[in-house]
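Asks: Just the structure for this:
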Amino acid sequence: MWVDTLKGQILRNHYFFSVLEEQIVGYQAWALTSHEVAQIWIENSRLLTYEECLAGPCVIVMANRALSSNVLRHQVKVTRALHSQSEVVYWKRQTAEGVSLVSYKLQLPGVYRPKTDFQIEILGDN
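Replies: Residues are numbered from 1 along each chain as shown. You can find the predicted model right below:
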């Protein structure tokens, strides 16, 4: 199951690594879905298909690893920049207390969100 998820993220080019001083310090991978498919994922109703993860207004962070809170903050900024045209981002956060759903809206009616002012280096074919 996890291998298929990882394979799909790579084939869709829906992932990035965070690198600091030539060391990988984080990884994030996502799916782009409809609101209906996002709800299926939130409810853990079933596994999502490759085709359901190709496009849509919702970003589902399916894998996230950050070695520090600074790396995590950077990943949030990168996510906002990469998905500035999306409506909402969802991810499930695993803590010692259990799993919680985190979401934030990227586009709010009447609110202008300026682009980030830091450089993002994207490697590979886009």
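
Asks: can you give me the strands in this structure?
Replies: 15-20, 23-33, 58-66, 88-95, 98-105 (DSSP state E).

Asks: just the angle between the helix or strand of the chain at the bottom of the mean pLDDT ranking and strand 88-95, please?
Replies: When each helix and strand of the chain is scored by mean pLDDT, DSSP states H and E, strand 98-105 comes last, with a mean of 71. Strand 98-105 runs at 160 degrees relative to strand 88-95, counting by axes from the mean of the first three to the mean of the last three C-alpha atoms, to 10 degrees.

Asks: tell me what strand 98-105 is packed against?
Replies: Under the contact criterion of 3 or more C-beta pairs under 8 Å, 6 or more residues apart in numbering; DSSP states H and E, strand 98-105 touches strand 88-95. All C-beta atoms are positioned from the backbone trio N, CA, C, and that covers glycine.

Asks: what's across from the residue nearest to the spatial centre of the chain in the sheet?
Replies: Of all residues in the chain, the one closest to the mean position by C-alpha atoms, centre = their mean is residue 61, 3.3 Å from it. For residue 61, the beta-bridge partners under DSSP bridges are residue 30, residue 91.

Asks: Could I get the strands of the chain in CSV, plus columns for distance to residue 52?
Replies: Listed next are the strands of the chain as CSV, based on distance: least, C-beta to C-beta, whole Å:
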stretch, distance to residue 52
strand 15-20, 17
strand 23-33, 6
strand 58-66, 10
strand 88-95, 14
strand 98-105, 18
